[in-house]
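>>> build me a structure from this.
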Amino acid sequence: MPVRDPVLRPPGGVLILLAGLALAALAALALALAVGSVPVDLAAVGRGLAGGTDTGATIVRDLRLPRALAAFATGGLLAFAGALMQVLLRNPLADPYVLGISGGAAVGALATMLAGVTALAAPAAFAGALASTLLVFGLARRGGDHAAWTATRLLLTGVVVAAGWGALIALMLTLAPDAQVKGMLFWLIGDLSAVTHAWPALLTLGFAVAVALPFARDLNVLARGEEGAIALGVAVPRVTLLLYALAALTTAAAVTTAGSVGFVGLVVPHALRLVIGNDQRLLLPASALAGGTLLTLADTLARSVAAPLQLPVGVITALIGVPLFLHLLERGRT
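Take a look at the predicted model:
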């Protein structure tokens, strides 16, 4: 059962920060509903949420609301998974894709595109992500060892499996007809233009946060080393396996929804750790809120900066993430 840690108590300032992140998320969602190639005022946003039937309300309800919610859920899933992977692997450079999950999902989705059954792209992507997860954990397991999945073995196995998926992706892009290559590349970069339902990703995010928070104290202890965690009564193999599986599930749901959106799962936990510290009871929900807000804003920018042309949201997150991550590295060094 989770370790009881009476010493770590969330300071009031951090709780205020969580409330501020929640308000920022609501503001980002409201902006996403109002901004686009067709201007919509706040009154039309309200009518759309209330079930209005005029043109502006229909645009908000049927087009922008599902995409905005999907962007928030995807960003929250990626940042949440990144926070889990960084503490489980005890590596601040770990991200949600480190186990090759995005590569497996990409192979599944691209295979359906090549076969001409794009309606099956989402379930095929999830199946590919699940297959990649099972493959990595199967190859990384050490028989007869209580610590069956060590951080180093999982990390190295994930890198090798990801390289294999990358080779298959390159082969598919080479064999694909020219008319399909653009759509395939958009999906690989990260794209939310084809999203019609946000509820699977939202439910997965809520489920993941609810499952992980009771083990946040265990993660706080585990971050200081497995031997110390075992001495304090943490069931390390069981807890790590559960949380690895949870990180894989959230990553698979995010990739299935929006493709391979980069940097959100790497940069957001890094930045929050500098502000609120490494208490996982606070870092995990804060990462979900901040990641969702970041990707919602990035997707709003992607579909409005060159309207009516829509850019892949992965391009925007990369343009934001690269300089931000370099700044965080420099700040950490100094």
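
>>> quick one, what contacts residue 111?
Residues in contact with residue 111, defined by CB atoms under 8 Å, 6 or more residues apart in numbering, are 124, 128, 172. Quick note: C-beta positions are derived from backbone N, CA and C, even for glycine.

>>> and residue 221, what are its phi and psi?
Main-chain dihedrals, residue 221, degrees, to the nearest 10: phi -70, psi -40.

>>> pLDDT of the host helix or strand of residue 125, averaged?
Applying DSSP states H and E as the criterion places residue 125 in helix 121-140. In this model, helix 121-140 has a mean pLDDT of 84.

>>> could you check how far it is from the centre of its chain?
16 Å (CA atoms, centre = their mean, to the nearest Å).

>>> check which residues of stretch 169-179 are buried.
Buried residues in stretch 169-179, counted by 16 or more other CB atoms under 10 Å: 169, 172, 176.

>>> ok, so of those residues, who is nearest residue 299?
Residue 299 lies nearest to residue 169 out of the buried residues of stretch 169-179, by CB to CB, at 23.4 Å.

>>> quick check: that closest one touching residue 187?
No. Judged on CB atoms under 8 Å, residue 169 makes no contact with residue 187 at a distance of 10.6 Å.

>>> what's the overlap in contacts for the two?
Here residue 169 and residue 187 have 106, 110 as joint contacts, going by CB under 8 Å, 6+ apart.

>>> just send the contacts of residue 111 back as CSV, with distance to residue 88 too.
Below are these laid out as CSV (distance: CB to CB, whole Å):
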residue, distance to residue 88
124, 27
128, 22
172, 31
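
>>> list just the nearest of the residues you listed to residue 162.
Closest to residue 162, out of all of those and judged by CB to CB, is residue 128, at 12.4 Å.

>>> tell me the contacts of the closest one?
Taking CB under 8 Å, 6+ apart as the test, what residue 128 contacts is 104-109, 111.

>>> which SS class is residue 53?
coil (DSSP: H, G, I helix; E, B strand; the rest coil).

>>> pLDDT score assigned to it?
77.

>>> and the residue nearest to residue 175 when sequence neighbours are not counted, what helix or strand is that in?
Distances taken as CB to CB, 6 or more residues apart in numbering put residue 114 closest to residue 175, at 7.3 Å, once the chain neighbours are dropped. Assessed by DSSP H and E, residue 114 sits inside helix 101-115.

>>> which regions of the stretch 51-200 of the chain sit below the pLDDT cut-off?
Where the stretch 51-200 of the chain drops to pLDDT under 70, the residues are 142-149.

>>> so how far is stretch 77-84 from its chain's centroid?
In terms of CA atoms, centre = their mean, the centre of stretch 77-84 is set 5 Å apart from its chain centre.

>>> what's it in contact with?
94-96, 201, 204-205, 208-209, 212, 219, 243, 246-247, 250-251, 253-254, 257, 261, 264-266, 268-269, 272, 280, 283-284, 287-288, 290-292, 294-295.
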